[in-house]
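Colleague: pasting the sequence and the predicted coordinates here, then a few questions.
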Amino acid sequence: MSHQVHIQGSDHAFSVEEGESIIDAALRAGLMLPYSCRSGTCGTCMGEVVSGEITYPDGLPPAISADQDAAGQALFCQARAASDLEIRVREVREAGDIRPQRLPARVDGIETLAPDVRRVFLKLPRDKRLPFLAGQYIDFLLRGGQRRSFSLANAPHDDERLELHIRHLPGGVFSGYVFEEMQEGALLRFEGPLGNFFLREDSDRPMILMGGGTGFGPIKGIVEHALHLGVARPMHIYWGARAVPDLYLDALPRRWAETHEGIQYTPVLSEPQPDDDWQGAVGFVHEQVVREHPDLSGFDVYMSGPPPMINAAREAFTEAGLPADRLYYDSFEAAAE
C-alpha cells in the first residue's frame, strides 16, 4: 500500500511505497531532501511531521531523541509512512544547500571506454551516501595536500555508486595511477560535492548542453537527471571530440535522441581520421552550436570541457545573444604534477 507525502510550503508531493523510506521515495520522485548517512546516525535528514503517522522498522534511530520524536521531529532516511503525510523539511535547490563532506570510497569497477578514457565507479561505506546536484564534481585528496577534480557522471537518484570519466594525461600523477596501477577495491578519499554547475530546474527554456572530451560526463548526469524528472524542455546535446574513438559513449546520446522526441544530438569532430569514415559535423563544437542556433537569446546553455573550449564558447555565445546569467559551465584544467 502506498501513501502520499506533501511537503509543506511547496507544491511538491510524492508517493511512498510500503517499506520504503521517505528519503528514498523523494529521490525516486526526483526531489532532493537533505541526507547523508542514510543510517539514522547523523541527523542531516531531520524534519518535522506536520500531520500523519510514521514508523521506524528498527526502532528509534540513534540521531533522534525520544523528546524530539514526541515533538514531531523525524529522521526521514529511516522513517516509513504509516498514513498520508504532510512534512516540513528544507528542500535542496542550490549547491550551497549541500555541505561538502570528506569521505572514503573504494573502487567498485573500472571500464576502459577509449584508449585514453576509463570509467571508474566508486562505492561509499554502507552507512554513507553523497547528496549532490547533477553536474557537480568531487576532489580526490592526494598526498602532500594535492587535489584532483573530476565531475560526477551519474544522476543524483542513481547514487548507489559514483561514476567518473577519467582521461589519461601523460605524466599525470593521478590519471597515471588510474591507468597503470589502480585495482578494484583500492581505497580513495575525496571531498564533495563541489561546484555550481548543475541543472536549474526552475526554467522552462530549451537547453543546449555541450561537452568537450570527458566533459561529456557531467552532461550525461544532467541529462539523466532531467529524464528522471520528466523534464519536457527541448534539449540539444553537442559532444565535441578529436576523432571517432573519443566519442566513447556515442551510442548513449544517440539512444536518447531516438527514444525522446525533445532531444537532439550532434557529435562534432575537430580532427576526424581517414579510418573514421566520418560523415558528421567537423570543426570546433561551439562553432557548430552557433551555426545551428544563431540566436541563443531564448536558451539556457550548459557546457563542460577544457578552458580553451569554454573561453571561446563564452565569447561566441554572448555574441549570439545568450544572456550571461543563462550560461552555466564547468571548466577543468588537467594537472600533470
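Modeller: Looks like it arrived, so ask away.
Colleague: can you count the residues close to residue 285?
Modeller: Look at residue 285: counted by other CB atoms under 10 Å, it has 26 neighbours. C-beta coordinates here come from the backbone N, C-alpha and C atoms, glycine included.
Colleague: how about the one 4 residues further on?
Modeller: For residue 289, the number of neighbouring residues by other CB under 10 Å comes to 26.
Colleague: SS state for it?
Modeller: Using DSSP: H, G, I helix; E, B strand; the rest coil, the structure places residue 289 in helix.
Colleague: quick one: it and residue 319, what's the gap?
Modeller: 12 Å (CB to CB, to the nearest Å).
Colleague: nearest residue to residue 183 other than its sequence neighbours?
Modeller: Once flanking residues are discounted, residue 183 sits nearest to residue 107: 7.1 Å by CB to CB, 6 or more residues apart in numbering.
Colleague: shaky segments in the stretch 1-150 of the chain?
Modeller: Applying pLDDT under 70 to the stretch 1-150 of the chain picks out residues 36-37, 95.
Colleague: what segments of it are helices?
Modeller: Along the stretch 1-150 of the chain, counting by DSSP state H, counting those that start in this stretch, helices occupy 22-28, 66-70.
Colleague: tell me which of these sits most buried.
Modeller: Ranked by mean neighbour count under mean count of other CB atoms under 10 Å, the helices of the stretch 1-150 of the chain are led by helix 22-28, which reaches a mean of 22.
Colleague: tell me how many other residues surround the nearest residue to residue 40 once chain neighbours are set aside.
Modeller: Leaving aside its sequence neighbours, residue 40 sits nearest to residue 61 (CB to CB, 6+ apart; 2.7 Å). Applying other CB under 10 Å, we find 21 residues neighbouring residue 61.
Colleague: and residue 20, by the same measure?
Modeller: 16.
Colleague: need the contact list for it.
Modeller: Going by CB atoms under 8 Å, 6 or more residues apart in numbering, residue 20 touches 28, 80.
Colleague: quick check: residue 193 touching residue 96?
Modeller: No - contact between residue 193 and residue 96 fails when scored by CB atoms under 8 Å: they sit 11.2 Å apart.
Colleague: quick revisit: so which of the helices of the stretch 1-150 of the chain is nearest residue 77?
Modeller: helix 22-28 (4.5 Å; CB to CB).
Colleague: between residue 193 and residue 96, which has more neighbouring residues?
Modeller: Taking other CB under 10 Å, residue 193 and residue 96 do not tie; residue 193 has more neighbours (23 against 8).
Colleague: what does the more buried one show for phi and psi?
Modeller: When read as degrees, to the nearest 10, the backbone of residue 193 gives phi -80, psi 160.
Colleague: residues contacting it?
Modeller: Contacts here follow CB under 8 Å, 6+ apart; on that basis residue 193 touches 95, 98, 100, 130, 131, 132, 133, 136, 137, 138, 152.
Colleague: of the residues you listed, which is the most crowded?
Modeller: Going by other CB under 10 Å, residue 152 tops the contacts of residue 193 with 29 neighbours.
Colleague: relative to residue 40, which of the contacts of residue 193 is nearest.
Modeller: Of all those, residue 40 sits closest to residue 131, with 15.6 Å by CB to CB.
Colleague: what's the span of stretch 239-259 from first residue to last?
Modeller: 18 Å (CA to CA, to the nearest Å).
Colleague: oh, I was asking about stretch 193-206
Modeller: Start-to-end, stretch 193-206 (CA to CA) is 26 Å.
Colleague: and what of stretch 52-70?
Modeller: Start to finish, the residues bounding stretch 52-70 are 13 Å apart (CA to CA).
Colleague: how far does it sit from the chain's center?
Modeller: Computed by CA atoms, centre = their mean, to the nearest Å, the chain-centroid distance of stretch 52-70 equals 31 Å.
Colleague: ok, and what's touching that stretch?
Modeller: By CB under 8 Å, 6+ apart, the list of residues contacting stretch 52-70 reads 3, 19, 22, 39-43, 46, 73-75, 78-86.
Colleague: over to stretch 231-241?
Modeller: For stretch 231-241, using CB under 8 Å, 6+ apart, the contacting residues are 201, 203-213, 216, 219, 223, 226, 247, 250, 253, 256-257, 262-270, 284-286, 288-289, 292-293, 305, 309.
Colleague: could you flag which of those residues are buried?
Modeller: Neighbour-count burial (16 or more other CB atoms under 10 Å) applied to the contacts of stretch 231-241 gives 201, 207-213, 216, 219, 223, 226, 247, 250, 253, 256-257, 262-270, 284-286, 288-289, 293, 305, 309.
Colleague: strands - which of the contacts of stretch 231-241 land there?
Modeller: 207-212, 263-269, 305 (DSSP state E).
Colleague: need the max-distance pair from the residues you listed.
Modeller: Largest separation among the ones in strands among the contacts of stretch 231-241 by CB to CB: 207 and 269, giving 22.6 Å.
Colleague: could you measure from residue 280 over to residue 188?
Modeller: Remark: distance between residue 280 and residue 188 (CB to CB) = 37 Å.
Colleague: same thing with residue 290?
Modeller: 40 Å.
Colleague: kindly report the same for residue 252.
Modeller: 26 Å.
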